[in-house]
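Asker: got a structure for you, letters missing:
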């Protein structure tokens, strides 16, 4: 029988409480503790989901096998490094850390200790995205849009690190080529950092990605469009559907038959439950996660280049991307 994984959650804000719930519900895990600097919040989570309420992540050492870190981004590196050094497997909500250098240190520490290091790029676990991934063979243009209504959360990071990073990760996964350039424009609306950004990323194979993220929208939108030589695919992550427009030939030759289309509804599932289940499975079998530390670092490297382009107004070269992200 596979051993159940003793788990804990550090940081019980908006997303951390969901982590606690899924660990409590997972038959392969035991939620041993919940940790938050706010003692009342920790006690409330423990009362709802079970486990011991703690205020310091160091009190977990020796009690658990694995931990989710859902604390503010500025705390990711310190908490993750100490947990890895204590022999724990670690799941970090995105972004992995504040800098690529910190991400590389966490990756090295996990390798040295043989620890699982997984990062919360949750859209990889979307059934709609996985259907798109199976269909997209040679993307030439990728357009991703992620717009959400204003919420007073994640104000310690820009919309690029908060929202766009999800789609940067998907774009890197879909294109599968080295990014070589980035341009970006943005607006600061209600926070001290940019709230609405459009970035254009060029790749060595000639593909282009145009990614837009905004957190002061009138309604929600999460879509990824992939244009290939003879097809255009539209993945609606919010409504869990995949549409395909296929080019059969020239309109002057085929008339209306030049283009055919199809729409597929994808069965919805709980992406976080799938993500947590994958992490627990990695802890049990020691296999590599779908979203590794290296994967998350690469997305963070592009995010930081986009933020640099926003700050300077100058397009950033990614010709040394592979060196920067290594």
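Answerer: Arrived safely. Remember, predicted model here, so these are calculated numbers, not experimental data.

Asker: tell me how far residue 84 lies from residue 110.
Answerer: Residue 84 sits at a distance of 5 Å from residue 110 (criterion: CB to CB, to the nearest Å). C-beta here means a position set from N, CA and C on the backbone, and glycine is covered the same way.

Asker: shared neighbours, the two?
Answerer: 90, 117 (CB atoms under 8 Å, 6 or more residues apart in numbering).

Asker: neighbour count winner among these two?
Answerer: residue 84 (25 against 21; other CB atoms under 10 Å).

Asker: just to be sure, that one is in a helix?
Answerer: Yes. Residue 84: assigned to a helix according to DSSP: H, G, I helix; E, B strand; the rest coil.

Asker: just want the most central residue of this protein.
Answerer: residue 121 (2.0 Å; CA atoms, centre = their mean).

Asker: that one and residue 166 touch, don't they?
Answerer: Yes. Under the criterion of CB atoms under 8 Å, residue 121 makes contact with residue 166 at 6.3 Å.

Asker: so residue 273: helix, strand or coil?
Answerer: helix.

Asker: what ranges does this protein have for its helices?
Answerer: 16-25, 39-49, 73-85, 100-113, 127-135, 159, 165-175, 251-254, 271-285, 293-312, 321-324 (DSSP state H).

Asker: nearest to residue 264, out of those helices?
Answerer: When the helices of the chain are compared by CB to CB, helix 127-135 sits nearest residue 264, at 7.1 Å.

Asker: residues in contact with the closest one: which ones?
Answerer: If you take CB under 8 Å, 6+ apart as the criterion, helix 127-135 is touched by 123-124, 170, 173-174, 224, 226, 233, 235-237, 240-242, 244, 264, 266-269.

Asker: also stretch 225-242?
Answerer: Under CB under 8 Å, 6+ apart, the answer for stretch 225-242 is 123, 126-129, 131-132, 135-144, 174, 220-224, 243-247, 263-268.

Asker: of the residues you listed, just the buried ones, ChimeraX syntax please.
Answerer: To isolate the buried members of the contacts of stretch 225-242 in ChimeraX, using 16 or more other CB atoms under 10 Å:
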select :123,126,127,128,129,131,132,136,139,142,143,144,174,221,222,223,224,244,266
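
Asker: mutual contacts of residue 121 and residue 166, please.
Answerer: By CB under 8 Å, 6+ apart, residue 121 and residue 166 have these common neighbours: residue 94.

Asker: ok, back up a step: could I get the helices of the chain in a markdown table, plus columns for distance to residue 189?
Answerer: Listed next are those as a markdown table, based on distance: least, CB to CB, whole Å:
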| stretch | distance to residue 189 |
| --- | --- |
| helix 16-25 | 27 |
| helix 39-49 | 29 |
| helix 73-85 | 20 |
| helix 100-113 | 28 |
| helix 127-135 | 28 |
| helix 159 | 9 |
| helix 165-175 | 19 |
| helix 251-254 | 42 |
| helix 271-285 | 28 |
| helix 293-312 | 14 |
| helix 321-324 | 30 |
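
Asker: the ones you listed: which one's closest to residue 208?
Answerer: In terms of CB to CB, the element of the helices of the chain nearest to residue 208 is helix 165-175, at 9.1 Å.

Asker: off-centre distance for stretch 180-197?
Answerer: 19 Å (CA atoms, centre = their mean, to the nearest Å).

Asker: buried set for that stretch?
Answerer: 180-184, 186, 191, 193-197.

Asker: name the spans of the stretch 151-300 of the chain whose pLDDT lies under the cut-off.
Answerer: Counting by pLDDT under 70, the stretch 151-300 of the chain contains low-confidence ranges at 153-156, 248-251, 253-259.

Asker: now the phi/psi pair for residue 193, please.
Answerer: Residue 193 adopts backbone torsions of phi -110, psi 170, taken as degrees, to the nearest 10.

Asker: that one touches residue 187, doesn't it?
Answerer: No. Using CB under 8 Å, residue 193 makes no contact with residue 187, being 10.8 Å away.

Asker: mind listing what residue 46 touches?
Answerer: Residue 46 sits next to 33-34, 52-53 when contact means CB under 8 Å, 6+ apart.

Asker: 7 Å instead?
Answerer: 34, 52-53 (CB atoms under 7 Å, 6 or more residues apart in numbering).

Asker: which of those sits closest to residue 216?
Answerer: Among the contacts of residue 46, residue 34 lies closest to residue 216 (CB to CB), at 31.8 Å.

Asker: give the contact list for the nearest residue to residue 163 once chain neighbours are set aside.
Answerer: Leaving aside its sequence neighbours, residue 163 sits nearest to residue 213 (CB to CB, 6 or more residues apart in numbering; 4.3 Å). Shown in contact with residue 213 (CB under 7 Å, 6+ apart): 146, 159-160, 163-164, 167, 197.
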